[in-house]
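Enquirer: attaching a predicted model along with its sequence, questions to come.
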Amino acid sequence: MRLAHITADDFDLARTLDSGQVFHWEKCGDGFIGTIGTKGVYVEQRRNRLFFKGATAKVIAHYFALDHPLEEICRSFPEDAAMCAARDFCQGLRIIRQPRWECLATFITSSMKQVAHIRQMSRALRERYGEHRKILGGQVYTFPRADRIAKLAEEDLRACALGYRAKNLLATARRVGSGEADLEKWSQLPDESLRERLCSLPGVGAKVANCVMLFAYERLRAFPIDVWIERVLRQKYFPRRRKVTAAQLRVFCETYFGEHGGYAQQYLFHHARKRAAAPEREARAGCSAL
DNA sequence: CTCCAGGGATGAT
DNA sequence: ATCATCCATGGA
């Protein structure tokens, strides 16, 4: 099998795909299969090279954000103990550039769900309503367009195990599919206006809006606060302080972590989730005891 | 500000 | 085999 390749310094493909920002790539041999937009893609890392099939080098490099100046981004992080530990743990993790609708829709389904569930919902939606692509003998499916989902019934989405999220995804798909909400045009807006627009969509609150800003609009300051991050913040940055409100945390994150706060968040998040399975309970217990 | 519905996988018993 | 746990949004 003949694959094209490009140089990918300071990049860890497996870590990036397993960091809770994207949910459809599947292990296949020594690499992964998935989609980038409408293309079925295989990608495999060998040292500092990415071998791939199904898309152009340009598309691959853009999707995986190989142009992000990762060293510079890491240097911009605050140098506290928690941040340094996360930075060392997450070498090569990049925040990738996801298609806007796919990212928005996926994060609407993500609410109150863990990674394993999100992957299953994404897979069900793709298999039933996406377009089939063959790649190296594997089967992949594109994420269904907004106008495709807009035509479905709530029951169809519930059958993909979306639960109450079905209503929200359907309502948002209708707004996006009709052009009433123009996700591409919104990319011109400044952060605050973009966040406002996203939050006006059904099923999108502050957390989901920040995820979409970070993963689909390249707003690298956006700092999604989920339970994992909140745990880290309270433990590492506000130890033994009761009564730190959500608003106080939000303000702290917006300033303290700087212009690449979103990267800092992703590193803290991935480190917290992945550092061993055992300390998890301990960490949670320690948090609630504060 | 607080409370709580919601649902399906996952880990504990 | 049941039982508790995980969790974002939106509305009361």
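Expert: Happy to help now that I have it.
Enquirer: what residues does chain A put near DNA strand C?
Expert: A:110-114, A:168, A:199, A:201-209, A:226-228, A:284 (Cβ under 7 Å from any atom of the strand). Bear in mind the C-beta positions are built from the backbone N, C-alpha and C, glycine included.
Enquirer: of those residues, which are in range of DNA strand B?
Expert: Okay, of the residues of chain A next to DNA strand C touching DNA strand B (Cβ under 7 Å from any atom of the strand), that's A:112-114.
Enquirer: now list the buried members of those.
Expert: A:Lys113 (16 or more other Cβ atoms under 10 Å).
Enquirer: ok, of the ones next to DNA strand B among the residues of chain A next to DNA strand C, which one's closest to DNA strand C?
Expert: A:Met112 (3.3 Å; Cβ to the nearest atom of the strand).
Enquirer: where does the closest one land on pLDDT?
Expert: Predicted confidence (pLDDT) at A:Met112: the value is 89.
Enquirer: any idea how far A:Gly31 is from whichever residue of the stretch 101-250 of chain A sits closest to DNA strand B?
Expert: Residue nearest to DNA strand B within the stretch 101-250 of chain A (Cβ to the nearest atom of the strand): A:Gly163, separated by 2.6 Å. Distance, A:Gly163 to A:Gly31, by Cβ to Cβ, to the nearest Å: 33 Å.
Enquirer: more neighbours: these two, which one.
Expert: Shown here are A:Gly163 and A:Gly31; by other Cβ atoms under 10 Å, A:Gly31 has more neighbours (21 against 15).
Enquirer: what does stretch A:163-173 rub up against?
Expert: Applying Cβ atoms under 8 Å, 6 or more residues apart in numbering, the set of residues contacting stretch A:163-173 from outside is A:104-105, A:108-109, A:111, A:121, A:146-147, A:149-150, A:152, A:154-155, A:157-158, A:160, A:162, A:181, A:201-204.
Enquirer: can you check stretch A:80-92 too?
Expert: Residues from elsewhere that reach stretch A:80-92, judged by Cβ under 8 Å, 6+ apart: A:10-12, A:15-16, A:19, A:70, A:74, A:77, A:232, A:236-237, A:257, A:264, A:266-268, A:270-272, A:274-275.
Enquirer: pLDDT weak spots in the stretch 101-250 of chain A?
Expert: Across the stretch 101-250 of chain A, no stretch falls below the confidence threshold (pLDDT under 70).
Enquirer: quick one: the helices in it?
Expert: A:115-129, A:146-150, A:154-158, A:165-177, A:191-199, A:206-216, A:227-232, A:246-256 (DSSP state H, counting those that start in this stretch).
Enquirer: and among these, the most buried is which?
Expert: Across the helices of the stretch 101-250 of chain A, averaging neighbours per residue (mean count of other Cβ atoms under 10 Å) puts helix A:206-216 on top, at a mean of 23.
Enquirer: other SSEs contacting that one?
Expert: For helix A:206-216, the packing partners by 3 or more Cβ pairs under 8 Å, 6 or more residues apart in numbering; DSSP states H and E come out as helix A:100-109, helix A:191-199, helix A:261-274.
Enquirer: for the last one, which positions count as buried?
Expert: Put plainly, it is helix A:261-274. Within helix A:261-274, judged by 16+ other Cβ under 10 Å, the buried ones are A:261-272.
Enquirer: pLDDT averaged over that helix - what is it?
Expert: 93.
Enquirer: and it, does that touch DNA strand B?
Expert: No. Judged by Cβ under 7 Å from any atom of the strand, helix A:261-274 and DNA strand B are separated, with a smallest distance of 12.2 Å.
Enquirer: residues making contact with that helix?
Expert: Taking Cβ under 8 Å, 6+ apart as the rule, helix A:261-274 contacts A:15, A:19-21, A:73-74, A:77-78, A:82-83, A:85-87, A:89-90, A:93, A:95, A:210, A:213-214, A:219-226, A:228-229, A:231-232, A:253-254, A:257-258, A:283.
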